[in-house]
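*Asks:* Fold the following and give me the result.
(4 chains)
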2 protein chains.
Amino acid sequence: MGYTPNRIAQGLARRKSGALGLVVPDIESMFYGKIVRYVDDFASRSDYQLILAISNDRQETEQKIIRKFLAQQVEGIIITPVNGPVQNLAFYQELQRQKVPFAFLSSYYAQGIAPCVMADLRQGTQLLTGHLLAQGCRNIYFLTGLPDVTTTLLRVEGFRQALSGRQPGFSDRQLLSCSRVDYADGYDQTIKLLRSGQPADAILAINDEMALGALNAANCLGIRVPDQLAIAGCDNVLFSSTAFIPITTLDQNIAEMCRVMVNCLDEIISQPEKRPGPGDIMPVRLIEPVLIVRNSSQRRI
Amino acid sequence: MGYTPNRIAQGLARRKSGALGLVVPDIESMFYGKIVRYVDDFASRSDYQLILAISNDRQETEQKIIRKFLAQQVEGIIITPVNGPVQNLAFYQELQRQKVPFAFLSSYYAQGIAPCVMADLRQGTQLLTGHLLAQGCRNIYFLTGLPDVTTTLLRVEGFRQALSGRQPGFSDRQLLSCSRVDYADGYDQTIKLLRSGQPADAILAINDEMALGALNAANCLGIRVPDQLAIAGCDNVLFSSTAFIPITTLDQNIAEMCRVMVNCLDEIISQPEKRPGPGDIMPVRLIEPVLIVRNSSQRRI
DNA sequence: TTGAAAGCGTTACCAA
DNA sequence: TTGGTAACGCTTTCAA
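*Replies:* Next comes the predicted model:
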């Protein structure tokens, strides 16, 4: 009859807020947009209220946010790590010691600190690179992120594995590391590469924005895609499918990733006795990515 | 010394949660992504905690979310209306009667129910249309949203005003209304239009995704942009600047919009005695948009 | 200035 | 089963 209980008082009495905290580095990127969308989706299905906060890709901010979450009595925290080297690992180790229910999504700062759910980027990059090799590409350049970031390491490992035993094999020269990993980075690095006179016949980018930048750069210089230069991206967001030459990419299956994440955290929350602490096994659950082949890499050899 | 107050208990005792609720129809779109980003930004600056919820473009969900917000004792609610006709106006009128601090952002369901901050879409569309006319276009087609949505009405009004007194003047035939207003809608409608044999020399779309769809459709049919067909979009998100022919668009100045919104709501919250109710003036604050001219509309006549 | 006590709106427990 | 009461962790008020 029109009565709604006060959730705040409920929270106090029950000692649980029914809230889940999610930190993302950036909300304007389509990749994180999808993450927010699906985490919200699965969180509400499990009757959690989602509290979103944006770290602006700064770990200092991320940690401030986590402290706020804790003060707010969130029942669990999902951390989508910033794209940078780990700053203050001790902070997360302290969370672990206090048995705070938290987990990493899409990447991790260090293994064993907390459970993690992410795409199998090593295997995914191997798939993409393998596809480019199968198209006859022999000089593949890889537009990556900063070298000391987890996702970069995993991807480079996949790249290297795919090239191992090939002629020519892997060389560091093929790695072009970008700090902002955005459209402009992809465009600029590609222009620089193509003008340098190096024998590039393929560019693999770690996200679709950068791949689109590469495509436009090639187009500007009059280089034909895919015949002179094959291009592939990653994430399968709108940028790859709506390019004037649709871009080959990798679908990380974000929906599944978020489903597994929320379930995993939910389990940790509801079984306080089994809550993992230092010394316990903290699984990294890898979600299988799917290769999406489009025109940007299909050469008619 | 390591002590953090329990915000829930604080909330109960102080009778204020320090939280602001924000509902958006969709988080994967870059337009709403920007809105979330800036509302979060300004809300945190004013020491509010942002609670985000996604209505999935359904008003029923939106209303469920608002009820939850209320139970959670949020101090104010920002509603970014769904892209559809108003379903249950009585719900919002009830909020008004109860003097709930809430406001509309980027559109409104009806004037006078709550304050609103949004871009001046009428003037913006007039600017865009005027620009296309100045480029010599005489048969401009307008890819709009559903006809009974506030933003569509305002835009069509601007379109009509810009064309009034011209030869040929405004005709309903020039309005192509789209329900999903996404890339595929833009692409499909443009293909249909260009194949119909109608003498189109310009397409104006209500967002950049649709404009990109129009550009790609024209490209597929071998129609040269901008000389045979000029194209313009709206919102100035990444889709327009990264198209292989950069697309003319309208910047809605979302940052400013969100700043004004948060300040406005903050004022309403902090002055409970002046809280507006039925019969009070509820201003619609219009933010001035900026025309961004790019290649897709610059004809060399 | 300091400290003790009374709420805030619920839930949970225990006695009847 | 049903009430009545303590407790949740903090703020606020009022008296000392």
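*Asks:* drop to CA atoms for contacts and neighbour counts, all remaining ones
*Replies:* Fine.
*Asks:* On the three-state scheme, A:T249 is what?
*Replies:* Under the three-state scheme (DSSP: H, G, I helix; E, B strand; the rest coil), A:T249 adopts strand.
*Asks:* and it, what are its bridge partners?
*Replies:* Per DSSP bridges, the residues bridged to A:T249 are A:I292.
*Asks:* What distance do you get for it to DNA strand C?
*Replies:* Distance, A:T249 to DNA strand C, using CA to the nearest atom of the strand, to the nearest Å: 48 Å.
*Asks:* residues near that residue, how many?
*Replies:* A:T249: 30 surrounding residues under other CA atoms under 10 Å in any protein chain shown.
*Asks:* again with A:T151
*Replies:* Counted with other CA under 10 Å, residues neighbouring A:T151 total 25.
*Asks:* Which parts of chain A are strands?
*Replies:* For chain A, applying DSSP state E gives strands covering A:19-24, A:49-54, A:76-79, A:102-105, A:116-119, A:140-144, A:175-177, A:202-205, A:230-232, A:249-251, A:284-287, A:290-292.
*Asks:* Of those, which stretch is the most buried?
*Replies:* Compared across those, strand A:230-232 shows the largest average neighbour count, a mean of 31 (mean count of other CA atoms under 10 Å in any protein chain shown).
*Asks:* That one near chain B at all?
*Replies:* No: against chain B, strand A:230-232 shows no contacts by CA under 8 Å from any CA of the partner chain, the least distance being 15.1 Å.
*Asks:* That strand - what's its average pLDDT?
*Replies:* Strand A:230-232 shows a mean pLDDT of 98.
*Asks:* One more: stretch A:205-215?
*Replies:* Average pLDDT, stretch A:205-215: 98.
*Asks:* So which residues make contact with that stretch?
*Replies:* A:142-145, A:181-191, A:203-204, A:225, A:231-237, A:239-240, A:243, A:247, A:249, B:242 (CA atoms under 8 Å, 6 or more residues apart in numbering or on different chains).
*Asks:* Distance from the chain centre to it, please.
*Replies:* 15 Å (CA atoms, centre = their mean, to the nearest Å).
*Asks:* nearest residue to A:Y92 other than its sequence neighbours?
*Replies:* In space, and not counting its chain neighbours, A:Y92 is closest to A:I113: 7.2 Å by CA to CA, 6 or more residues apart in numbering or on different chains.
*Asks:* Got the confidence number for the one you found?
*Replies:* pLDDT, A:I113: 95.
*Asks:* was I right about it contacting A:Q93?
*Replies:* Yes: under the criterion of CA atoms under 8 Å, A:I113 makes contact with A:Q93 at 6.4 Å.
*Asks:* Look at the two and report which has more neighbours.
*Replies:* Neighbour comparison, A:I113 and A:Q93: the larger count goes to A:I113, with 26 against 17 (by other CA under 10 Å).
*Asks:* wait, what's in contact with that one?
*Replies:* A:Y92, A:Q93, A:Q96, A:P278, A:M282.
*Asks:* who wins for most neighbours among these?
*Replies:* Among those, the one with the most neighbours (other CA under 10 Å) is A:Q96, at 21 neighbours.
*Asks:* isn't that residue right up against A:G279?
*Replies:* No: the criterion here is CA under 8 Å, and A:Q96 misses it with A:G279 at 9.8 Å.
*Asks:* how many other residues sit next to A:M1?
*Replies:* By the measure other CA under 10 Å, the count of residues near A:M1 is 3.
*Asks:* Check A:F42 too.
*Replies:* With other CA under 10 Å as criterion, A:F42 counts 19.
*Asks:* got a list of what it touches?
*Replies:* Shown in contact with A:F42 (CA under 8 Å, 6+ apart): A:C258, A:R259, A:V262.
*Asks:* what about the most centrally placed residue in chain A, distance to A:D57?
*Replies:* Centroid check for chain A by CA atoms, centre = their mean gives A:S106 as the closest residue, at 4.5 Å. Using CA to CA, to the nearest Å, one obtains 14 Å as the distance from A:S106 to A:D57.
*Asks:* The residue in chain A positioned nearest to DNA strand D and B:V181: what is the separation?
*Replies:* Scanning chain A for proximity to DNA strand D using CA to the nearest atom of the strand identifies A:A13 as nearest, at 3.2 Å. Separation of A:A13 from B:V181 (CA to CA): 46 Å.
*Asks:* try A:L163
*Replies:* From A:L163 to B:V181 the distance is 43 Å (CA to CA).
*Asks:* mind listing the helices in the stretch 51-200 of chain A by residue range?
*Replies:* A:59-71, A:89-97, A:121-134, A:150-163, A:183-195 (DSSP state H, counting those that start in this stretch).
*Asks:* so can I have JSON lines of those showing distance to B:V82 and mean pLDDT?
*Replies:* Shown next, in JSON lines, are the helices of the stretch 51-200 of chain A (distance: least, CA to CA, whole Å; pLDDT from 0 to 100):
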{"stretch": "helix A:59-71", "distance to B:V82": "29", "mean pLDDT": "96"}
{"stretch": "helix A:89-97", "distance to B:V82": "39", "mean pLDDT": "95"}
{"stretch": "helix A:121-134", "distance to B:V82": "36", "mean pLDDT": "98"}
{"stretch": "helix A:150-163", "distance to B:V82": "36", "mean pLDDT": "97"}
{"stretch": "helix A:183-195", "distance to B:V82": "30", "mean pLDDT": "97"}
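*Asks:* Output the ones you listed as a markdown table; include the columns distance to DNA strand D.
*Replies:* What follows is those, written out as a markdown table (distance: least, CA to the nearest atom of the strand, whole Å):
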| stretch | distance to DNA strand D |
| --- | --- |
| helix A:59-71 | 8 |
| helix A:89-97 | 18 |
| helix A:121-134 | 42 |
| helix A:150-163 | 36 |
| helix A:183-195 | 46 |
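*Asks:* closest to A:R173 out of those?
*Replies:* helix A:183-195 (10.9 Å; CA to CA).
*Asks:* quick one, which of the strands of chain A is nearest to B:T152?
*Replies:* Using CA to CA, those put strand A:49-54 closest to B:T152, at 30.6 Å.
*Asks:* helices or strands next to that closest one in the packing?
*Replies:* If you count contacts as 3 or more CA pairs under 8 Å, 6 or more residues apart in numbering or on different chains; DSSP states H and E, strand A:49-54 packs onto strand A:19-24, helix A:30-45, helix B:30-45, strand B:49-54.
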